[in-house]
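Enquirer: output the structure for:
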Amino acid sequence: MGVIGWTVLVVAVGIVAWAVMAYNRLVVARNRIANAFGQIDVQLKRRHDLVPNLVEVARGYMAHEAGTLEAVIRARGAASSAADQARARPADAAAIGLLSQAESALGAQLGRLMMLSEAYPALKADAHMLRLSEEITSTENRIGFARQAYNDQVLEFNNNASQFPEVLLARSLGFAEAAMLE
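Expert: Predicted coordinates for the structure are as follows:
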C-alpha cells in the first residue's frame with residue numbers, strides 16, 4: 001500500500017471515528033432529555049393525583065361552582081393524557097407542545113379554583129384544603145425546577161444536533177430538534 005492508500009485509510013478511519021463519537025454524543029444528549037423529562041413526569045403525576053382531592057374538598061363548600069370543579073377535572077384528564085403521550089416520546093416536539101398546552105390549561109383552571117376558594121372563608125380555613133394547597137404550591141415549584149433542567153438538556157441536545165458538521169449526521173440519522181417545555 002502506497003502513501004496515497006495509507007492517507008485515504010487514515011482519513012476514512014478518522015471520519016468513521018468522528019461519526020461514532022458524534023452519534024454517541026447525540027444519543028447521550030437524547031437520553032438526558034428522557035431522564036430530565038422523567039423528573040418532570042414524577043411531579044406532574046403528583047400534581048395530577050392531588051387535583052381530585054382538592055376538588056373533593058372544594059366540592060363540599062362550593063356546591064354552586066360545579067362548572068369550575070368540572071373544568072378542573074376535565075383539564076386534569078387532558079393534562080394526564082398529554083403527559084402519557086409525552087412520556088412515550090419525551091424528545092418529540094409535538095408531544096411536548098401538547099403537554100405544555102394541557103398543563104397551562106390545568107394551571108389556569110387550578111388558579112381559577114384557588115381564586116374562587118378565597119370567597120369561601122370556611123373552605124379557606126379547612127385544614128385539608130390548606131394542606132392540599134401547600135402541596136400543590138410545592139409541586140408547582142418542583143415542576144418549575146424540573147422544567148428548567150429539562151430545557152437545559154434540550155438546549156444541549158439541540159446545540160449538538162445543529163452544529164456543523166454534526167448537523168449532517170444528526171439529520172441523516174433522524175435526530176430531530178427537541179422542543180422546550182414552556
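Enquirer: for the longest helix along the chain, packing partners?
Expert: Taking DSSP state H as the criterion, the chain has its longest helix at helix 3-61. When contacts are defined as 3 or more Cβ pairs under 8 Å, 6 or more residues apart in numbering; DSSP states H and E, helix 3-61 sits against helix 66-88, helix 93-117, helix 121-125, helix 127-162, helix 166-172. Using the backbone N, CA and C atoms, a C-beta is placed for each residue, glycine as well.
Enquirer: tell me how far Ala94 lies from Glu135.
Expert: 31 Å (Cβ to Cβ, to the nearest Å).
Enquirer: of those two, which one has the most company?
Expert: Glu135 (16 against 11; other Cβ atoms under 10 Å).
Enquirer: coming back round to it: to Ile40, which of the helices and strands packed on helix 3-61 lies closest?
Expert: helix 127-162 (4.3 Å; Cβ to Cβ).
Enquirer: now find how far off-centre that closest one is within its chain.
Expert: Here the centre of helix 127-162 is set off from its chain's centre by 8 Å, with Cα atoms, centre = their mean, to the nearest Å.
Enquirer: helices and strands around that helix, which ones?
Expert: helix 3-61, helix 93-117, helix 166-172.
Enquirer: can I get the helices and strands packed on helix 3-61 in a markdown table including mean pLDDT?
Expert: Shown next, in a markdown table, are the helices and strands packed on helix 3-61 (pLDDT from 0 to 100):
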| stretch | mean pLDDT |
| --- | --- |
| helix 66-88 | 93 |
| helix 93-117 | 92 |
| helix 121-125 | 82 |
| helix 127-162 | 93 |
| helix 166-172 | 89 |
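Enquirer: so which of those helices comes closest to Val28?
Expert: That would be helix 127-162 among these, by Cβ to Cβ, at 9.0 Å.
Enquirer: helix 3-61 and that closest one, what's the angle between them?
Expert: 160 degrees (axes from the mean of the first three to the mean of the last three Cα atoms, to 10 degrees).
Enquirer: which positions within helix 127-162 qualify as buried?
Expert: Going by neighbour count (16 or more other Cβ atoms under 10 Å), the buried part of helix 127-162 is 129, 132-133, 135-136, 139, 142-143, 146-147, 149-151, 153-154, 156-158, 160-161.
Enquirer: repeat for stretch 86-105
Expert: Buried, per 16+ other Cβ under 10 Å, within stretch 86-105: 86-87, 90-92, 95-100, 102-103, 105.
Enquirer: and for stretch 32-50?
Expert: 32-33, 36-37, 39-41, 43-44, 47-48, 50.
Enquirer: could you export these as a markdown table, including pLDDT and distance to Leu110?
Expert: Output for the buried residues of stretch 32-50, formatted as a markdown table (pLDDT from 0 to 100; distance: Cβ to Cβ, whole Å):
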| residue | pLDDT | distance to Leu110 |
| --- | --- | --- |
| Arg32 | 95 | 30 |
| Ile33 | 95 | 27 |
| Ala36 | 95 | 24 |
| Phe37 | 95 | 22 |
| Gln39 | 94 | 21 |
| Ile40 | 94 | 17 |
| Asp41 | 95 | 18 |
| Gln43 | 95 | 14 |
| Leu44 | 95 | 13 |
| Arg47 | 94 | 9 |
| His48 | 95 | 11 |
| Leu50 | 93 | 9 |
